[in-house]
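Q: kindly return the folded structure for what I paste below:
(one chain, ligands or ions: 2)
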Amino acid sequence: MNDSKVPFTYGKIVNTDAFTNREEELSKLLTNLKSGINTIIISPRRWGKSSLVSKAFAEIKDEKNIKTVHIDLFSIQSEEEFLQVFAKEVIKVSASKLEDRIKLVKDFFKTIIPKFQFSADAESEFSLSFDFENEKKTASEILNLPEKIAEKKKLKYIIAIDEFQNISEYDEFEKFEKKLRAEWQNHKNVTYCLYGSQNHMMTEIFNKSNKAFYRFGDIILLPKIKKEKWIPFIVNAFRRTGKSIDKKNAGIICNLMKNHSWYVQQLSHYTWNRTNKKTSKKEMLSALNELINGNSPLYEKEVEICSKTQVNLMKAIVTGQKHLSSVKVMKDFKLGTSNNVSKNIKKLRENGTIEKISNTYELLDPAFEIWFKKQFFNIKPESYF
Ligand SMILES: Nc1ncnc2c1ncn2[C@@H]1O[C@H](COP(=O)(O)OP(=O)(O)OP(=O)(O)O)[C@@H](O)[C@H]1O
Ligand SMILES: [Mg+2]
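A: Numbering: from 1, shown residues only. Ligands and ions are numbered 1, 2, ... in the order given. Take a look at the predicted model:
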């Protein structure tokens with residue numbers, strides 16, 4: 001095949017050509033979801049959670065008795081909005097015709113009467129609103145809706161909720177968490193796939209024994225895609241579009257971007273764009289420069305909001321210091337007291353700048369790290385080739 005379509009994608013969920021590897025995770029996720037095991041997926045930003053779930057859903061799509069619901073909490077700001085969207089999406093996948101949807105609302109809401117609004121032109125667009133006066137009843141009835149429909153119609157539901165960590169920003173979220181858990185744990189025909197980033201938030205929600213969602217399901221800590229998998233993906237993508245890159249150079253892209261899904265795709269794309277026939281060092285360096293320069297306003301802002309000791313902590317991390325609170329490191333890098341060090345580690349973890357990976361801290365953003373080293377240590381991008 002030799003089409004000239006752009007072979008790399010970033011910034012969008014990928015689940016077809018641009019999706020690679022993840023066989024193991026996909027198979028585990030599919031097995032879980034089809035056998036009724038709630039599954040939680042956690043990883044830092046942009047490693048590929050949404051893409052993985054989207055791929056899994058694409059594979060389930062044609063199964064007649066399974067209904068898949070996808071809800072993204074990214075812009076959902078409150079419990080009420082959550083419940084509204086939840087009800088709407090469940091109804092949407094349960095019936096496709098307007099009159100059937102209205103019937104569902106009538107049949108399945110017993111104690112609350114939602115307002116059903118729709119526009120005359122688009123059959124698929126409608127909205128539901130609820131009177132939240134009797135909050136408890138309303139929430140419970142909405143949360144049980146998929147289970148009720150499933151029982152009656154002999155169906156199974158799989159409900160995926162993206163950016164799940166956002167519920168922790170709702171008012172009285174601990175109460176809400178308890179409500180969700182209390183209802184969902186009784187569901188026999190509905191399986192939940194809850195996923196999100198900001199590792200510490202997700203871990204907080206699912207891994208603390210005193211929290212409502214403790215042991216709610218199987219937790220998948222999504223790893224990065226391995227270099228051995230990226231290399232053939234990159235080489236083939238060049239080949240099928242009439243260009244070429246050798247394995248060594250594809251490997252350099254992976255190393256530079258530390259196998260970070262989004263960035264491997266982005267740097268591959270920039271490199272591919274510059275390549276006429278065969279990629280050489282020249283195109284790779286210029287691609288890396290474009291990537292770093294393009295992002296630098298963002299990185300500058302990131303550093304601006306950090307305190308001096310936090311920046312120093314990042315310096316210690318990027319130069320490979322392992323014992324951040326040892327007397328020598330604290331002195332050499334001006335990290336303040338060991339109390340400052342732990343506070344700053346906590347802060348930088350919370351905002352997703354660093355993470356503990358196989359026992360040492362790393363900056364999570366590989367391109368930011370290259371920029372940072374250029375800025376503070378004068379390490380030029382050329383030196384990586
Ligand atoms: N399996 C994959 N194969 C190839 N590229 C991938 C894969 N998964 C993710 N990517 C790349 O990473 C980018 C980010 O993926 P995705 O949006 O799925 O990550 P995420 O973990 O959901 O991110 P966020 O935390 O920001 O929601 C995609 O746009 C794509 O470029
Ligand atoms: Mg996502």
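Q: would you mind listing what in the stretch 151-300 of the chain touches ligand 1?
A: Residues of the stretch 151-300 of the chain found near ligand 1 (CB under 6 Å from any ligand atom) are 197, 261-262, 265. All C-beta atoms are positioned from the backbone trio N, CA, C, and that covers glycine.
Q: tell me how far the residue nearest the centre of the chain lies from residue 338.
A: For the chain, the residue nearest the mean C-alpha position is residue 49 (4.3 Å; CA atoms, centre = their mean). Applying CB to CB, to the nearest Å, the value for residue 49 to residue 338 is 34 Å.
Q: same deal with residue 345?
A: 10 Å.
Q: so for the two, which sits in the more crowded spot?
A: residue 345 (19 against 13; other CB atoms under 10 Å).
Q: can you tell me how far the more buried one sits from residue 222?
A: Distance from residue 345 to residue 222, counting by CB to CB: 23 Å.
Q: now swap in residue 361 and tell me
A: For residue 361 relative to residue 222 (CB to CB), the value is 19 Å.
Q: burial check on the residue of the stretch 1-150 of the chain found nearest ligand 1, number of neighbours?
A: Closest to ligand 1 within the stretch 1-150 of the chain is residue 48: 2.8 Å, counting by CB to the nearest ligand atom. By the measure other CB under 10 Å, the count of residues near residue 48 is 25.
Q: could you find the closest non-adjacent residue to it?
A: In space, and not counting its chain neighbours, residue 48 is closest to residue 261: 4.5 Å by CB to CB, 6 or more residues apart in numbering.
Q: cool, residue 342 as well?
A: Nearest non-adjacent residue to residue 342 (CB to CB, 6+ apart): residue 325, at 7.2 Å.
Q: number of residues surrounding the one you found?
A: Residues near residue 325, counting by other CB under 10 Å, number 14.
Q: against residue 157, how distant is the residue nearest to residue 48?
A: Taking CB to CB, one finds residue 261 at 29 Å from residue 157.
Q: comparing those two, which shows the higher neighbour count?
A: Set residue 261 next to residue 157 and count neighbours by other CB under 10 Å: residue 261 wins out with 26 against 21.
Q: ok, that one touching residue 47?
A: Yes. If you go by CB atoms under 8 Å, residue 261 and residue 47 touch, sitting 5.2 Å apart.
Q: quick one, helices of the stretch 251-385 of the chain?
A: 261-274, 281-304, 308-318, 327-332, 338-350, 366-377 (DSSP state H, counting those that start in this stretch).
Q: out of the residues of the stretch 151-300 of the chain next to ligand 1, who's nearest residue 86?
A: Of all these, residue 197 has the smallest distance to residue 86: 21.0 Å, by CB to CB.
Q: for that closest one, which non-adjacent residue is spatially closest?
A: Spatial nearest neighbour of residue 197, excluding adjacent residues (CB to CB, 6+ apart): residue 45 at 4.5 Å.
Q: what is the burial count for that neighbour?
A: So residue 45, with other CB under 10 Å, has 15 neighbours.
Q: and it, helix, strand or coil?
A: coil (DSSP: H, G, I helix; E, B strand; the rest coil).
Q: is it true that it touches residue 196?
A: No. In this structure, residue 45 is not within contact of residue 196 by CB under 8 Å, at 9.6 Å.
Q: ok, back up a step: thought residue 41 was touching the residue nearest to the centre of the chain, still the case?
A: Yes. Counting by CB under 8 Å, residue 49 does reach residue 41; the two are 5.1 Å apart.
Q: overlap in contacts, the two.
A: The contact sets of residue 49 and residue 41 overlap at 195-196, 222 (CB atoms under 8 Å, 6 or more residues apart in numbering).
Q: okay, residue 2: pLDDT?
A: Residue 2 is assigned a pLDDT of 41 by the prediction.
Q: same deal with the one 5 residues further on?
A: According to the predicted model, the pLDDT of residue 7 comes to 91.
Q: Three-state assignment for it, please.
A: Put simply, residue 7 is coil when judged by three-state DSSP.
Q: can you get me a residue count around the closest residue to it other than its chain neighbours?
A: Leaving aside its chain neighbours, residue 7 sits nearest to residue 237 (3.6 Å; criterion: CB to CB, 6+ apart). Residue 237 has 23 neighbours, counted by other CB under 10 Å.
Q: cool, residue 258 as well?
A: 19.
Q: nice, that's everything, thank you.
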